[in-house]
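**Student:** Here's a sequence, model it:
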Amino acid sequence: MGRSQETFGKKEKEKKRLRKRKDKAEKKAERRANSKGGGLENMLAYVDEFGNILETPPDPDARVEVDVDSIELGATKRPEEDLNAVREGKIDYYNDQKGYGFIKEAGTSESFFVHINGMIDDDMNEGDRVVFELEKGPKGMNAVRVKRWTKPEPIKMPEPPAAKEEKKEVTSEPEIQNSSKEEDKKED
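**Tutor:** Numbering: from 1, shown residues only. Modelled structure (predicted):
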């Protein structure tokens, strides 16, 4: 007769497996005995407007209606810009032979395409300060009505009439004092 196919190692592995199964069943029975019961109701959690988890449902009277159109998904929308506004910039690159270039706007450092057809002054060079307007083109915003920027002359404001009168009063007082001193000398 042959020997049994079960070896000592196989018996030990089988005992470990049975012990694990028994421990698992005991833990399951303990959880059931200690559970509150109630099923789905005990599994629900509520969230308030600040993101805090609560066990009680929120007050329906405190509910605030939200306009669905005011919710922005993704990147925020840029405010509408006035395209007809005159902008200042500097010619960053310009090619005379091809008739196009780029203008870098002062302040925002945004670069805009400019074509020779959009220029009012013909003899533009790189580095010239210019004023321009924007127009939507096929590949983005284009600079149009580009002309060389000239420094405006300072406007001389006339002096207000009150300031002139004050100056006269100041100058007239010493004359009065001088004349009174002269009269005093004559009397002596």
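**Student:** Need phi/psi at G127.
**Tutor:** Backbone dihedrals for G127, given as degrees, to the nearest 10, come out at phi 90, psi -10.
**Student:** Who are the contact partners of it?
**Tutor:** Applying C-beta atoms under 8 Å, 6 or more residues apart in numbering, we find G127 in contact with 90-91. For glycine as for every other residue, the C-beta is placed from the backbone atoms N, C-alpha and C.
**Student:** Tell me the confidence at the residue nearest the centre of the chain?
**Tutor:** For the chain, the residue nearest the mean C-alpha position is T76 (8.2 Å; C-alpha atoms, centre = their mean). Per-residue confidence for T76 comes out at a pLDDT of 74.
**Student:** same deal with Q97?
**Tutor:** Per the predicted model, pLDDT is 87 at Q97.
**Student:** Tell me who's in contact with the residue nearest to the centre of the chain.
**Tutor:** Residues near T76 by C-beta under 8 Å, 6+ apart: none.
**Student:** sec struct for it, please.
**Tutor:** Three-state assignment for T76 (DSSP: H, G, I helix; E, B strand; the rest coil): coil.
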